[in-house]
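Asks: For reference, the sequence and a predicted model appear below.
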Number of protein chains: 2
Amino acid sequence: MSKKTTIYDIAKELQITAATVSRALNNNPRISKNTRELVLETASRMNYKQNRLALALKSGKSNNVGVVVPYINRSFFSSVIRGIEDELYPKGYHVIISQTHEDKERELKIIQNLLNAQVDGILISTSYSNDEKDKLEPVLKKTTPFIFFDRKLNFPDISSVTIDDFQGGFDATKHLIDQGCKRIAHFYVNNDLELYQNRLDGYKSALLENGLEFKPEYVISLKSDMEAGMKAAERLMKLPLPPDAIFSSTDKGLLGAIKYLQSLSINIPDDFCVVGFSNDPFTQFMEPSISSVDQSPVEMGRMAAKVFLEQMASEHAVKINKEVILPANLIIRKSSSKIQKK
Amino acid sequence: MSKKTTIYDIAKELQITAATVSRALNNNPRISKNTRELVLETASRMNYKQNRLALALKSGKSNNVGVVVPYINRSFFSSVIRGIEDELYPKGYHVIISQTHEDKERELKIIQNLLNAQVDGILISTSYSNDEKDKLEPVLKKTTPFIFFDRKLNFPDISSVTIDDFQGGFDATKHLIDQGCKRIAHFYVNNDLELYQNRLDGYKSALLENGLEFKPEYVISLKSDMEAGMKAAERLMKLPLPPDAIFSSTDKGLLGAIKYLQSLSINIPDDFCVVGFSNDPFTQFMEPSISSVDQSPVEMGRMAAKVFLEQMASEHAVKINKEVILPANLIIRKSSSKIQKK
């Protein structure tokens, strides 16, 4: 491999200073047109290639956008990322992805690393809750644009794209009520994120607006996995008056509950209706297929990317502050189609 | 926000040149101990922070490792990435992930971008086939270490970590033969990758070694999705002599085939046995649970990271060249347990 040509080689060749070469290459107005042309010609002849990163340091633009998610393998997040890529790739941006595994310390390090790597912006679904948001404040105060998607923190000057989780929870619960369900339980994912609270609030409101009592013993806090869902269902079914439906904030947890209910030979949807949240792909091909609230992840990603592009286009570092809330869409399938079936 | 302190500010403060400040900060031996201490003190007092990327440009080390995969949401790839992160994160490396969507032009751009961003290494599962490997050669010739995992290209001086796909195909087919299956079909994923060819070769060898004929009409080329699997199964079942088993190189394709067979009321495993490849998580919770060849993805990721660390530890840019082949592990579940059931 031959040694790379540097600005020092060009400077030596032309017997001028490296600073002059550098200024000429970066179109500094202090350099005469003649000198600039001479430098460019020589640079080209000597096969000089400007290091893009060095350019990024100068121009402050790397054309890289960092995307930070809890887990890349959750269908929801990978679909959001696809939406972001669909929007940014044709505009010449590279999307580099990092996952936090919901480790907050790691999330902070990842952000610092992306800022050090001079990304043009960071699109993030955070694992911090609003109670702890002070810890992220120092990095968010940088001039690099941040956009929250799905999991947001309430900062007055940072844009966000979310879905209407309250409405999703409300619609799912209302639909179960319309199917004739009277004792609707709720699987609540307990990790301090506002969005799960919003779904729970939607559930509560739908119950109360329709004359049903809210019973705390019907709300089970769990992790988003199958095992936890099986245990939660077991706990519910051992209550003196077991529920006749579940609205779950997690599709994976609901899957465990369905397994448990089936082991008791409880027929879904005839004896028991269920609705999940996220519209994970497996919900379609299970038997019975599972109703779920779709979060329009590709659309969410596209929108987050558009907000970023708008921020980039706003000259003179004017901070734009958008709060986009996309509608949640209930997808009705067999698992909650008691009436339609007949 | 206050303006960031630069080396020019420090130079002005101390009435020395910026070059001297820079050298002092970078421990250049040409700078006296006194000057260095003075610069460091002043830098600290003025709250100067060295840009890590500028340092990376100097030292050639960014502590970022690029991981390039076809799709982040395939369980296999996300598990490999977890293995890579498990190994590299404790060593102070940041893993930045990019997905190619099996678009070769995009893959090339992603690699160039990562090289420009000064990553310390690239761990990649390529979408290029060996026939087209010349196109990747220019970027692979760089001094930045590359390690292939799962999908590799045959370059004499680049390390790789794969599984023994031939053995996986052989074991799966032999297991079906041991269950008494006589007419074993194969789903082949046709995208020119050597690994699918190796699985097909394993399938062929197992047939021939056990006195069964290899019938080309039993090998169906398909894409790795449910729809394609349904159609492939339909084609097989319409043959004059339909098969009694499928060994599929794709779990998703096999899922479609199972749906189709179930729609014909064919009992699995009593009338028809199936084995997939990848051990996708859904294979466990389907009814019947699906036998599949596990590719030890987390182990593969850890191993690829270890090879990278070994490369980084080898001073003086000695290129190490490792070809690690991990064993494939057949996981037997209900879908192919004709004999064990009785």
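Replies: Yes, it's here. Numbering: from 1, shown residues only, chains lettered A, B, ... in the order given.
Asks: in the stretch 1-150 of chain A, which spans are strands?
Replies: Listed in chain order, the strands of the stretch 1-150 of chain A (DSSP state E, counting those that start in this stretch) span A:64-69, A:94-99, A:121-124, A:146-149.
Asks: wait, does the second one make contact with chain B?
Replies: Right, the one you point to is strand A:94-99. Yes - Strand A:94-99 reaches chain B (Cβ under 8 Å from any Cβ of the partner chain) through A:His94, A:Val95, A:Ile96, A:Ile97, A:Ser98, A:Gln99. Glycine gets a C-beta too; all of them are placed from N, C-alpha and C.
Asks: Also the last one?
Replies: No - between strand A:146-149 and chain B, judged by Cβ under 8 Å from any Cβ, nothing touches; the nearest distance is 14.4 Å.
Asks: Can you tell me which helices and strands that strand packs against?
Replies: Counting by 3 or more Cβ pairs under 8 Å, 6 or more residues apart in numbering or on different chains; DSSP states H and E, the packing neighbours recorded for strand A:146-149 are strand A:121-124, strand A:159-163, helix A:297-313.
Asks: any chance of the ones you listed in a markdown table, with distance to chain B and mean neighbour count too?
Replies: As requested, the helices and strands packed on strand A:146-149 are arranged in a markdown table below (distance: least, Cβ to the nearest Cβ, whole Å; neighbours: other Cβ atoms under 10 Å in any protein chain shown):
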| stretch | distance to chain B | mean neighbour count |
| --- | --- | --- |
| strand A:121-124 | 12 | 26 |
| strand A:159-163 | 18 | 24 |
| helix A:297-313 | 11 | 21 |
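Asks: related to what we said a few turns ago, dump the strands of the stretch 1-150 of chain A to a markdown table, plus mean pLDDT.
Replies: Output for these, formatted as a markdown table (pLDDT from 0 to 100):
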| stretch | mean pLDDT |
| --- | --- |
| strand A:64-69 | 96 |
| strand A:94-99 | 96 |
| strand A:121-124 | 96 |
| strand A:146-149 | 95 |
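Asks: now these in a markdown table, with distance to A:Ser44?
Replies: Output for these, formatted as a markdown table (distance: least, Cβ to Cβ, whole Å):
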| stretch | distance to A:Ser44 |
| --- | --- |
| strand A:64-69 | 27 |
| strand A:94-99 | 26 |
| strand A:121-124 | 33 |
| strand A:146-149 | 39 |
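Asks: Pull the most distant pair out of the residues of strand A:94-99 next to chain B.
Replies: A:His94 and A:Gln99 (17.3 Å; Cβ to Cβ).
Asks: of the strands of the stretch 1-150 of chain A, which approaches B:Ile332 most closely?
Replies: Going by Cβ to Cβ, the one of the strands of the stretch 1-150 of chain A nearest B:Ile332 is strand A:94-99, 32.0 Å.
Asks: Figure out how far that closest one is from the centre of its chain.
Replies: Mean C-alpha position of strand A:94-99 versus that of the full chain (Cα atoms, centre = their mean, to the nearest Å) differs by 12 Å.
Asks: got the angle for it vs strand B:94-99?
Replies: Between strand A:94-99 and strand B:94-99, the angle comes out at 120 degrees (axes from the mean of the first three to the mean of the last three Cα atoms, to 10 degrees).
Asks: if we can go back for a sec, save the helices and strands packed on strand A:146-149 as a markdown table, and put in distance to A:Ile81 too.
Replies: Converted to a markdown table, the helices and strands packed on strand A:146-149 look like this (distance: least, Cβ to Cβ, whole Å):
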| stretch | distance to A:Ile81 |
| --- | --- |
| strand A:121-124 | 9 |
| strand A:159-163 | 13 |
| helix A:297-313 | 6 |
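Asks: Quick check, the residue in the stretch 201-342 of chain A closest to chain B?
Replies: Residue of the stretch 201-342 of chain A nearest chain B, by Cβ to the nearest Cβ: A:Phe282 (6.0 Å).
Asks: what are the ranges of the helices in the stretch 1-150 of chain A?
Replies: Ranges of helices within the stretch 1-150 of chain A are A:7-14, A:18-25, A:33-45, A:52-59, A:75-88, A:104-116, A:137-140, based on DSSP state H, counting those that start in this stretch.
Asks: and among these, the most buried is which?
Replies: helix A:75-88 (a mean of 22; mean count of other Cβ atoms under 10 Å in any protein chain shown).
Asks: so what does it touch, helix or strand wise?
Replies: Judged by 3+ Cβ pairs under 8 Å, 6+ apart, helix A:75-88 is in contact with strand A:64-69, strand A:94-99, helix A:297-313.
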